[in-house]
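Chemist: Got a predicted model here, sequence first, then my questions.
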Amino acid sequence: MPATAGTAGWAGRRPVPILAAAMAALLMGGCSVEVRDPAAPEPAASTPAVATPTITPGHDAEAVAGRDLPFAAGGTLAPGVPVGISDGLKEAPGWKAGSRNVAGESRYTKADGCLVAAKARTNQNALARADDRQSTIALFEYLDPSILPGYLKTETLQWGASQEGPGRAVEVLALEPAPQPGGRATAVLARLFGTAGSSVYVSISCPDAASLAAARSDVVRFLPLVPPAG
């Protein structure tokens, strides 16, 4: 997806029309997050679950999956082994699956009118920066150059789908523009894992702020990011 041009900013939390239009296209328009490394081979067809990767010597995948993954810990992932997204939202009350794993993206709809799109991509090395926070900022800027770092907030998603023991968290960046009059309430949560060479994003669009808050809670509970196994 070509990035949407535009350099206008926000006044406080009020998005300008250019950014609002770009966000609408980004949220539910089916645009691609893929930024391919020209030297990378064509990826194989993906599945909703992460395939068993090649074991990296000296890499303790179980230990990485068993603790939180803040931005600073992105380098503990195995190089080139992607992070995935669970498809558990289809089992959540009020939700049902729409399209599933189309170009790495799955969509879900809720009875109250909320829409969620969750996508995982590989070969994202071209956007990798000094750390995962900067890499994730670069991802948002690629999607829309008018998105500035100050618009993004650090939030967390669940890290791993295990229901045993204390929950683990993975840091992501979130963009939540204020809705335009009569418009939908929207949010995007994303992270680019520089060492792993993959990215994930979850976009949420709802009729109003209250339904958006409930949908975000469901996303955190039922769409955990899946650590690579080894």
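Modeler: Everything's here; your move. Residues are numbered from 1 along each chain as shown.

Chemist: Quick one: name whatever helix or strand follows the lowest-mean-pLDDT helix or strand in the chain.
Modeler: One helix or strand of the chain scores below all others by mean pLDDT, DSSP states H and E: helix 17-28, with a mean of 49. The C-terminal neighbour of helix 17-28 among helices and strands, as given by DSSP states H and E, is helix 61-65.

Chemist: can you pull the buried residues of that next one?
Modeler: 61, 64, 65 (16 or more other C-beta atoms under 10 Å). Bear in mind the C-beta positions are built from the backbone N, C-alpha and C, glycine included.

Chemist: ok, so what distance separates the second one from residue 198?
Modeler: For residue 64, the distance to residue 198 under the criterion C-beta to C-beta, to the nearest Å works out to 14 Å.

Chemist: Show me the shaky parts of this protein.
Modeler: Applying pLDDT under 70 to the chain picks out residues 1-59, 161-166, 230.

Chemist: what comes into contact with the longest helix out of those in it?
Modeler: Criterion DSSP state H: the longest helix present in the chain is helix 209-222. Outside of helix 209-222, the residues within contact range by C-beta atoms under 8 Å, 6 or more residues apart in numbering are 86, 88-89, 91-92, 95, 110, 112-114, 116, 156-158, 179, 185-187, 189, 202, 204, 206.

Chemist: Inside strands: which ones of these?
Modeler: Within the contacts of helix 209-222, residues falling in strands by DSSP state E are 95, 110, 116, 156-158, 185-187, 189, 202, 204, 206.

Chemist: hey, C-alpha coordinates of stretch 76-91 in CSV?
Modeler: Extracted in CSV, the C-alpha atoms of stretch 76-91 (Å, rounded to 0.1, in the frame of the first residue of the first chain):
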residue,chain,number,x,y,z
THR,A,76,16.0,-11.6,22.6
LEU,A,77,13.8,-13.0,19.8
ALA,A,78,15.4,-15.4,17.4
PRO,A,79,16.5,-13.7,14.1
GLY,A,80,14.1,-14.2,11.3
VAL,A,81,11.6,-16.2,13.3
PRO,A,82,8.2,-14.4,13.1
VAL,A,83,5.7,-13.5,15.9
GLY,A,84,2.1,-14.6,15.3
ILE,A,85,-1.4,-13.6,16.4
SER,A,86,-3.9,-15.9,17.9
ASP,A,87,-7.3,-16.2,16.3
GLY,A,88,-9.2,-16.6,19.6
LEU,A,89,-11.4,-13.6,19.1
LYS,A,90,-13.8,-15.7,17.1
GLU,A,91,-14.6,-17.6,20.3
